[in-house]
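Q: fold the stuff below for me.
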Amino acid sequence: SRDPPPVNKWSPLAERIGQEIIHFGLTYAGAFRRWDTDRDGFLQLEELQQALQQMPSTKHVNSVKIEDFMSYMEGMGMANRRVSMFEFVRAVAPRTLALELHASMLKELLKRVWLCRPLFMSLLAKFDPKATNLVAVADFKACLGEVNCMLEQAGRPMLSDSQINSITDLATGGARKVHYDRFIKGLHVIDVGSAC
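A: Next comes the predicted model:
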(Lines give C-alpha, C1' and ligand atoms only; values in the text may rest on other atoms or scores of the structure.)
Protein backbone atom coordinates (compact mmCIF):
# COMPACT_ATOMS: atom_id res chain seq x y z
CA SER A 1 0.00 0.00 0.00
CA ARG A 2 1.08 3.52 -0.64
CA ASP A 3 -1.17 4.98 2.02
CA PRO A 4 0.46 6.64 5.01
CA PRO A 5 1.50 4.06 7.58
CA PRO A 6 -1.24 3.12 10.02
CA VAL A 7 -0.92 4.00 13.69
CA ASN A 8 -1.60 1.08 16.00
CA LYS A 9 -0.19 -0.69 19.07
CA TRP A 10 3.07 -1.47 17.22
CA SER A 11 3.78 2.10 16.14
CA PRO A 12 5.65 3.13 19.33
CA LEU A 13 7.87 0.02 19.18
CA ALA A 14 8.59 0.60 15.49
CA GLU A 15 9.55 4.19 16.25
CA ARG A 16 11.88 3.07 19.09
CA ILE A 17 13.55 0.58 16.75
CA GLY A 18 14.03 3.36 14.21
CA GLN A 19 15.55 5.63 16.86
CA GLU A 20 17.94 2.89 17.98
CA ILE A 21 19.01 2.24 14.39
CA ILE A 22 19.95 5.91 14.03
CA HIS A 23 21.57 5.95 17.51
CA PHE A 24 23.86 3.09 16.42
CA GLY A 25 24.96 5.14 13.41
CA LEU A 26 23.08 3.15 10.78
CA THR A 27 20.63 4.21 8.13
CA TYR A 28 17.30 2.41 7.90
CA ALA A 29 18.39 0.83 4.61
CA GLY A 30 21.78 -0.04 6.13
CA ALA A 31 20.15 -1.81 9.07
CA PHE A 32 17.86 -3.68 6.69
CA ARG A 33 20.80 -4.85 4.57
CA ARG A 34 22.75 -5.90 7.68
CA TRP A 35 19.79 -7.87 9.00
CA ASP A 36 19.06 -9.51 5.62
CA THR A 37 21.62 -12.24 6.24
CA ASP A 38 20.65 -14.40 3.24
CA ARG A 39 20.85 -11.33 0.96
CA ASP A 40 17.56 -12.06 -0.81
CA GLY A 41 16.27 -8.50 -0.40
CA PHE A 42 13.69 -9.43 2.25
CA LEU A 43 13.62 -10.00 5.99
CA GLN A 44 12.26 -13.41 6.88
CA LEU A 45 10.89 -14.01 10.38
CA GLU A 46 14.11 -15.69 11.58
CA GLU A 47 16.25 -12.77 10.38
CA LEU A 48 13.95 -10.27 12.06
CA GLN A 49 13.96 -12.24 15.33
CA GLN A 50 17.75 -12.47 15.33
CA ALA A 51 18.14 -8.75 14.67
CA LEU A 52 15.55 -7.56 17.18
CA GLN A 53 17.00 -9.71 19.95
CA GLN A 54 20.22 -7.68 19.61
CA MET A 55 18.50 -4.33 20.17
CA PRO A 56 17.98 -2.88 23.67
CA SER A 57 14.28 -2.07 23.21
CA THR A 58 13.36 -5.48 21.77
CA LYS A 59 15.82 -8.00 23.22
CA HIS A 60 13.19 -9.31 25.66
CA VAL A 61 10.34 -9.51 23.13
CA ASN A 62 9.22 -13.10 22.59
CA SER A 63 8.96 -14.77 19.18
CA VAL A 64 5.15 -14.59 19.08
CA LYS A 65 5.23 -10.81 19.52
CA ILE A 66 7.99 -10.50 16.92
CA GLU A 67 5.77 -12.43 14.52
CA ASP A 68 2.92 -10.00 15.28
CA PHE A 69 5.30 -7.08 14.72
CA MET A 70 6.31 -8.61 11.39
CA SER A 71 2.63 -8.68 10.40
CA TYR A 72 2.43 -4.98 11.28
CA MET A 73 5.38 -4.24 8.98
CA GLU A 74 3.86 -6.38 6.23
CA GLY A 75 0.78 -4.18 6.55
CA MET A 76 2.96 -1.45 5.02
CA GLY A 77 2.93 -3.39 1.75
CA MET A 78 2.09 -6.93 0.70
CA ALA A 79 1.36 -9.67 3.26
CA ASN A 80 3.67 -12.46 2.10
CA ARG A 81 5.54 -13.63 5.23
CA ARG A 82 8.55 -11.47 4.43
CA VAL A 83 9.35 -7.79 4.82
CA SER A 84 10.70 -5.70 1.95
CA MET A 85 13.05 -2.78 2.49
CA PHE A 86 10.22 -0.41 1.58
CA GLU A 87 7.92 -1.97 4.21
CA PHE A 88 10.70 -1.92 6.79
CA VAL A 89 11.60 1.74 6.25
CA ARG A 90 7.94 2.80 6.28
CA ALA A 91 7.49 0.97 9.59
CA VAL A 92 10.56 2.18 11.52
CA ALA A 93 11.11 5.66 10.08
CA PRO A 94 9.47 8.56 11.91
CA ARG A 95 5.86 9.00 10.83
CA THR A 96 6.63 12.46 9.44
CA LEU A 97 9.23 10.94 7.11
CA ALA A 98 6.77 8.25 6.02
CA LEU A 99 4.15 10.91 5.30
CA GLU A 100 6.69 12.93 3.30
CA LEU A 101 7.58 9.78 1.35
CA HIS A 102 3.88 9.12 0.70
CA ALA A 103 3.35 12.70 -0.49
CA SER A 104 6.40 12.50 -2.73
CA MET A 105 5.23 9.26 -4.35
CA LEU A 106 1.73 10.63 -4.82
CA LYS A 107 3.19 13.76 -6.41
CA GLU A 108 5.10 11.59 -8.90
CA LEU A 109 1.92 9.68 -9.79
CA LEU A 110 -0.05 12.87 -10.28
CA LYS A 111 2.74 14.31 -12.41
CA ARG A 112 2.16 11.51 -14.92
CA VAL A 113 -1.52 12.42 -15.09
CA TRP A 114 -0.62 16.11 -15.46
CA LEU A 115 1.69 15.40 -18.39
CA CYS A 116 -1.19 13.70 -20.22
CA ARG A 117 -3.88 16.16 -19.18
CA PRO A 118 -4.98 17.24 -22.70
CA LEU A 119 -5.67 13.61 -23.60
CA PHE A 120 -7.18 12.94 -20.17
CA MET A 121 -9.53 15.94 -20.46
CA SER A 122 -10.72 14.89 -23.92
CA LEU A 123 -11.34 11.32 -22.74
CA LEU A 124 -13.27 12.55 -19.71
CA ALA A 125 -15.32 14.94 -21.87
CA LYS A 126 -16.61 11.96 -23.89
CA PHE A 127 -18.24 10.67 -20.69
CA ASP A 128 -19.63 14.15 -19.96
CA PRO A 129 -21.75 15.13 -23.01
CA LYS A 130 -23.59 17.84 -21.03
CA ALA A 131 -20.29 19.47 -19.95
CA THR A 132 -21.06 19.23 -16.22
CA ASN A 133 -17.42 18.49 -15.34
CA LEU A 134 -18.68 15.40 -13.52
CA VAL A 135 -18.10 11.76 -14.46
CA ALA A 136 -18.81 8.46 -12.75
CA VAL A 137 -15.95 6.87 -10.84
CA ALA A 138 -15.84 3.92 -13.27
CA ASP A 139 -15.55 6.31 -16.23
CA PHE A 140 -12.74 8.23 -14.51
CA LYS A 141 -10.86 4.96 -13.97
CA ALA A 142 -11.42 3.94 -17.58
CA CYS A 143 -9.93 7.24 -18.73
CA LEU A 144 -6.92 6.72 -16.47
CA GLY A 145 -6.53 3.32 -18.13
CA GLU A 146 -6.40 5.03 -21.53
CA VAL A 147 -3.86 7.52 -20.19
CA ASN A 148 -1.84 4.51 -19.08
CA CYS A 149 -1.70 3.22 -22.65
CA MET A 150 -0.43 6.61 -23.79
CA LEU A 151 2.19 6.63 -21.03
CA GLU A 152 3.41 3.26 -22.25
CA GLN A 153 3.58 4.47 -25.86
CA ALA A 154 5.52 7.55 -24.73
CA GLY A 155 8.01 5.33 -22.89
CA ARG A 156 7.00 6.67 -19.48
CA PRO A 157 6.34 4.55 -16.38
CA MET A 158 2.80 3.21 -16.38
CA LEU A 159 0.39 3.40 -13.46
CA SER A 160 -0.34 0.16 -11.61
CA ASP A 161 -3.92 -0.80 -10.73
CA SER A 162 -3.32 0.24 -7.12
CA GLN A 163 -1.91 3.59 -8.28
CA ILE A 164 -4.97 4.15 -10.47
CA ASN A 165 -7.13 3.32 -7.45
CA SER A 166 -5.17 5.78 -5.28
CA ILE A 167 -5.54 8.57 -7.84
CA THR A 168 -9.25 7.79 -8.19
CA ASP A 169 -9.73 7.84 -4.40
CA LEU A 170 -7.98 11.18 -4.24
CA ALA A 171 -10.10 12.58 -7.09
CA THR A 172 -13.44 11.38 -5.71
CA GLY A 173 -12.92 12.42 -2.11
CA GLY A 174 -15.41 9.67 -1.23
CA ALA A 175 -18.11 10.85 -3.65
CA ARG A 176 -19.78 8.75 -6.35
CA LYS A 177 -18.81 11.17 -9.10
CA VAL A 178 -15.55 12.91 -9.91
CA HIS A 179 -15.34 16.68 -10.43
CA TYR A 180 -12.64 16.10 -13.02
CA ASP A 181 -12.06 19.70 -14.04
CA ARG A 182 -11.46 20.69 -10.41
CA PHE A 183 -9.18 17.68 -9.94
CA ILE A 184 -7.04 18.47 -12.98
CA LYS A 185 -6.84 22.18 -12.16
CA GLY A 186 -5.71 21.18 -8.67
CA LEU A 187 -2.63 19.45 -10.02
CA HIS A 188 -0.04 22.17 -9.50
CA VAL A 189 2.89 20.77 -11.40
CA ILE A 190 5.25 22.69 -13.63
CA ASP A 191 4.58 21.64 -17.20
CA VAL A 192 7.92 20.61 -18.69
CA GLY A 193 6.46 19.49 -21.99
CA SER A 194 3.73 17.22 -23.16
CA ALA A 195 4.35 13.49 -23.27
CA CYS A 196 0.97 12.45 -24.67
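Q: any idea which element the residue of the chain positioned farthest from its centre lies in?
A: Most distant from the centre of the chain: residue 130, at 35.6 Å, with distances by C-alpha atoms, centre = their mean. Residue 130 belongs to no helix or strand when assigned by DSSP states H and E.
Q: worst-scoring helix or strand of the chain, pLDDT-wise?
A: Least confident helix or strand, the chain: helix 95-115 with a mean of 78, by mean pLDDT, DSSP states H and E.
Q: what's that helix packed up against?
A: On a contact count with 3 or more C-beta pairs under 8 Å, 6 or more residues apart in numbering; DSSP states H and E, helix 95-115 meets helix 85-92, helix 137-153, helix 161-172. Every C-beta, even on glycine, is put in place using the N, C-alpha and C of the backbone.
Q: shaky segments in this structure?
A: Counting by pLDDT under 70, the ranges of the chain that qualify are 1-6, 76-79, 98, 101-102, 188-196.
Q: show me the domain layout of it.
A: Following automatic domain parsing, the chain resolves into domains at 11-93, 103-185.
Q: can you give me the end-to-end span of the last one?
A: The reference is to domain 103-185. With C-alpha to C-alpha, to the nearest Å as the measure, domain 103-185 spans 18 Å from end to end.
Q: report the distance from it to the chain centre.
A: Distance of domain 103-185 from the chain centroid (C-alpha atoms, centre = their mean, to the nearest Å) equals 18 Å.
Q: tell me how many other residues crowd residue 69.
A: 22 (other C-beta atoms under 10 Å).
Q: which residue packs closest to it, ignoring adjacent ones?
A: residue 10 (5.5 Å; C-beta to C-beta, 6 or more residues apart in numbering).
Q: next one: residue 16
A: Spatially, and ignoring its direct neighbours in sequence, residue 16 is nearest to residue 57 (4.4 Å; C-beta to C-beta, 6+ apart).
Q: for that neighbour, what are its contacts?
A: By C-beta atoms under 8 Å, 6 or more residues apart in numbering, the contact set of residue 57 is 13, 16, 17, 20.
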